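Visitor: how would this look folded up:
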Amino acid sequence: MSQAFILTLVKFLLIFDNLKYYRFSLDKSMNTNTTDVLEEIIYLKKYDVAQYRLIVRIAKGFALKQVQSMNIGYYFIQVFVLKLLILESLQQKLENDYVRLNHTNELTNTMMSIFEKCLKNESARNVVIARDDTILIETISRLVPIQFYTFNPFTDFAPKLWRETVSDYGKGKNPWTLFKTSSLNFSHPRICENLIFDKTRILKGYAINMGAYVHSFLLEYNPNKTGLDRFGGVNGDITRTVCNHLNATANVKFYLSMGFIDDHGMYQSFLKDLHHGDLDFAMNMNLMRRMWKKQTYPHETSGFCMVSLKDPVTFLEKITLVFPAQTWVWLVIIFIVLIFALKILLKQSLFLAGFEFLRMFLNTPISRLSPQDSGRRLFYLVIVVMTMIINAIFQTRLSSINVSTRSHRYIDTMSDLIKSNFFIYGTLSYKELFSDQTVLRHRYQLSEYPDCINRLKRNEQVICLPGCIEARFGAYEGNEFHISSKELMLFSMVFSTREDWPLLSRFNEILRKMSEAGLISLFRRIEARHFKHNPDDRQRVPKISVESLAFGFVLLLSGLSLGIVCLIIEIVTIFAKKYSLKKSLFNKVFMK
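Guide: Reported below is the predicted structural model:
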């Protein structure tokens, strides 16, 4: 390997001030500028084609553009230095007090220090070209090839190309293994094969630090089981399925509440530990926020619904609901018109015409009086048919009282929520969604969903604000409770992770496939079968009984009583009329 290549690599490291991570014996104060380095790279391209092709092929291995001849310096800086050496602003992002493992070989110490920093920086796909004074001398003498180093932060797995140098697998907090290789043929067209390999495919029981908030509606917990089998519900099933697929284990830390952001914009509960890097993953799915580096693929859509107490409707309100004011107005107008028509057709008084119409309306026998001519008789039959139709409509309306709504004042929209002036009970994770609603934030009270349901059962005028899935699984849309028909606000559901988690892309891949295959929907349906409801809360079709038909018997007795009174009045009227006729005849005959 040419001396120009080695010196150019060192000068590039000097330009970017990253030489502090290496143990080269060259003077840092040497005067080097970008133009000289670019000229040396162009010289390298002309006279050492094999080493130039190494740069180009490694750049292709990272799926980047092929290095061009005119801007070879730019691509060399961006790809070879910043990507291959994984030294992109590490000294600004990482802590300086890293721990060096005690090994005699200075190059191994340097490599492990770099990889420990890469591990803290969540970089799991690293390939580093390195050398020290000894390698530099041997390289110049073309006795020892250049060394390639990489590491696996999870297990001791690597392709056959690599051989293990240092292993801390299973000993430290973050088990990892350092690998190196020198068996590379620079002229081979597949030189980049196995340089980059997926380190998340085989985890061999790697322990993921997880956080869990145990809740009967969100994440069930069975202490009699072990491992991830202790957790149930959709959250537990998804986590267990992914970990089984990855062959990973879990170290679970329990929390007393869901992760949320408080009024001051600070992370709380497991979100706080995720932000500080103490946790890798939270088992409770959470609403999607603007933190794309700290959450998984959105696998489900949900929203929150409002559960409120139904206000019972009285019998008088049912009557007014079935027979509104305008219906009564039209009935009175029709009755008056028909009574006047009967008065004209039957040539009777208004009082007797009213009784005749009442007989028709109640479907009782009518009088034998009828018009004699055909035109009036036809019109009389039309009136009889109309009263029968009105009677049918009237009885249908009365029967609908038993199946009419039994409550009112439904709260379904945001405007209904604001106008209700009721206190809102929900969790802290939902409170942050009302950041632009000052009125609602003042009425928002912290409470768990079961406690809020107990308040409703005590007839307190409050509104519960759970997730729609939790709302429909935790209470029936029955005679007491009303669940809003539509979601008040839609949002996507995700799992929270720490920033730049190395397993995030692999976790997202599995989670996306589970969502596309319908496994998450299956978990949701299985979970629904285990929710326990109070059967008395279920809304049932009202059964027709003697008690429910009491108003019908009352109306029947009222009608019979009215009919008896009308009959008595009619009999008295007839006898009085006959008596008056007899008296008038007697006066005419004997009183002259």
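Visitor: buried set for the longest strand belonging to the chain?
Guide: Secondary structure assigned by DSSP state E gives strand 489-497 as the longest strand of the chain. Buried residues in strand 489-497, counted by 16 or more other CB atoms under 10 Å: 491, 493-497. Quick note: C-beta positions are derived from backbone N, CA and C, even for glycine.
Visitor: go on, stretch 251-263?
Guide: Within stretch 251-263, the residues that qualify as buried are 252, 255, 257-261, counting by 16+ other CB under 10 Å.
Visitor: Going by distance to residue 355, which of the residues you listed wins?
Guide: For those, the closest approach to residue 355 (CB to CB) belongs to residue 258, at 73.3 Å.
Visitor: Quick one: residues contacting that closest one.
Guide: Under the criterion of CB atoms under 8 Å, 6 or more residues apart in numbering, the contact partners of residue 258 comprise 213, 218, 269, 284, 286, 427-429.
Visitor: Which secondary structure state is assigned to it?
Guide: Here residue 258 is recorded as coil under DSSP: H, G, I helix; E, B strand; the rest coil.
Visitor: Now do it against residue 153, distance only.
Guide: Residue 258 sits 30 Å away from residue 153, going by CB to CB, to the nearest Å.
Visitor: can you check residue 328 too?
Guide: For residue 328, the distance to residue 153 (CB to CB) stands at 81 Å.
Visitor: Looking at these two, which one has more neighbours?
Guide: Regarding residue 328 and residue 153, a neighbour count based on other CB atoms under 10 Å identifies residue 153 as having more, with 22 against 11.
Visitor: and the gap between that one and residue 178?
Guide: 10 Å.
Visitor: How about residue 505?
Guide: Relative to residue 178, residue 505 is positioned 23 Å away (criterion: CB to CB).
Visitor: If you count surrounding residues, which of the two has more?
Guide: For residue 505 versus residue 178, neighbours defined as other CB under 10 Å are more numerous around residue 178 (24 against 14).
Visitor: still on that earlier bit, ok, so of the buried residues of strand 489-497, who is nearest residue 578?
Guide: Ranked by distance to residue 578 (CB to CB), these are led by residue 491 at 85.5 Å.
Visitor: mind checking pLDDT for the closest one?
Guide: At residue 491 the predicted local confidence, pLDDT, stands at 78.
Visitor: mind listing what's buried in stretch 377-391?
Guide: 380, 383, 386-387, 390.
Visitor: So residue 285 sits against residue 233, correct?
Guide: No - shown here, residue 285 and residue 233 do not form a contact pair, counting by CB atoms under 8 Å, at 10.0 Å.
Visitor: Compare neighbour counts for the two and give me the winner.
Guide: Comparing residue 285 with residue 233 by neighbour count (other CB under 10 Å), the higher total belongs to residue 285, at 27 against 24.
Visitor: List the beta-bridge partners for the more buried one.
Guide: Note on residue 285: beta-bridge partners by DSSP bridges are residue 495.
Visitor: With only the CA atoms kept, save stretch 356-366 in CSV.
Guide: Listed in CSV are the C-alpha atoms of stretch 356-366, where the atom choice follows Å, rounded to 0.1, in the frame of the first residue of the first chain:
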residue,chain,number,x,y,z
GLU,A,356,-121.3,12.0,15.9
PHE,A,357,-117.6,12.8,15.1
LEU,A,358,-116.5,11.5,18.4
ARG,A,359,-118.3,8.2,17.7
MET,A,360,-116.5,8.0,14.3
PHE,A,361,-113.1,8.8,15.9
LEU,A,362,-113.5,6.2,18.7
ASN,A,363,-114.8,3.6,16.2
THR,A,364,-118.1,3.1,18.1
PRO,A,365,-121.5,2.6,16.4
ILE,A,366,-122.7,5.8,14.8
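Visitor: circling back to that earlier point, could the buried residues of stretch 251-263 go into a markdown table alongside distance to residue 294?
Guide: A markdown table is the format used below for the buried residues of stretch 251-263 (distance: CB to CB, whole Å):
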| residue | distance to residue 294 |
| --- | --- |
| 252 | 19 |
| 255 | 17 |
| 257 | 18 |
| 258 | 15 |
| 259 | 10 |
| 260 | 14 |
| 261 | 12 |
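Visitor: any chance of those residues in JSON lines, plus pLDDT and distance to residue 554?
Guide: Below are these laid out as JSON lines (pLDDT from 0 to 100; distance: CB to CB, whole Å):
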{"residue": "252", "pLDDT": "86", "distance to residue 554": "65"}
{"residue": "255", "pLDDT": "84", "distance to residue 554": "60"}
{"residue": "257", "pLDDT": "77", "distance to residue 554": "56"}
{"residue": "258", "pLDDT": "78", "distance to residue 554": "55"}
{"residue": "259", "pLDDT": "76", "distance to residue 554": "60"}
{"residue": "260", "pLDDT": "73", "distance to residue 554": "57"}
{"residue": "261", "pLDDT": "74", "distance to residue 554": "60"}
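Visitor: State the distance from residue 527 to residue 220.
Guide: 9 Å.
Visitor: One more: residue 237?
Guide: When CB to CB is applied, the distance between residue 237 and residue 220 equals 10 Å.
Visitor: of the two, who's got more company?
Guide: In terms of neighbours (other CB under 10 Å), residue 237 is the more surrounded of residue 237 and residue 220; the figures are 20 against 17.
Visitor: Which element, helix or strand, includes that one?
Guide: Here residue 237 sits within helix 233-246, counting by DSSP states H and E.
Visitor: Next SSE downstream of that helix?
Guide: Moving toward the C-terminus from helix 233-246, the next helix or strand (DSSP H and E) is strand 248-254.
Visitor: From the contact counts, what lies against that following strand?
Guide: The elements that strand 248-254 packs onto, with contact taken as 3 or more CB pairs under 8 Å, 6 or more residues apart in numbering; DSSP states H and E, are strand 206-212, helix 233-246.
Visitor: go again using 6 Å as the cut-off
Guide: strand 206-212 (3 or more CB pairs under 6 Å, 6 or more residues apart in numbering; DSSP states H and E).
Visitor: tell me the mean pLDDT for the strand it packs on?
Guide: The average pLDDT within strand 206-212 is 86.
Visitor: Quickly run through the sheet partners of that strand, with directions.
Guide: Looking at strand 206-212 with DSSP bridges, its partner strands are strand 248-254 (parallel), strand 281-287 (parallel).
Visitor: so the first one versus helix 233-246, what angle?
Guide: With axes from the mean of the first three to the mean of the last three CA atoms, to 10 degrees applied, the angle from strand 248-254 to helix 233-246 works out at 150 degrees.
Visitor: what residues does strand 248-254 touch?
Guide: Counting by CB atoms under 6 Å, 6 or more residues apart in numbering, the neighbours of strand 248-254 from elsewhere in the structure are 203, 205-212, 228.
Visitor: quick revisit: quick one: list the elements packing against the longest strand of the chain.
Guide: With contacts defined as 3+ CB pairs under 6 Å, 6+ apart, strand 489-497 has these neighbours: strand 281-287, strand 300-304.
Visitor: Farthest-apart pair in the buried residues of stretch 251-263, please.
Guide: Of all pairs drawn from the buried residues of stretch 251-263, the one with the largest separation by CB to CB is 252 and 261; the distance is 23.0 Å.
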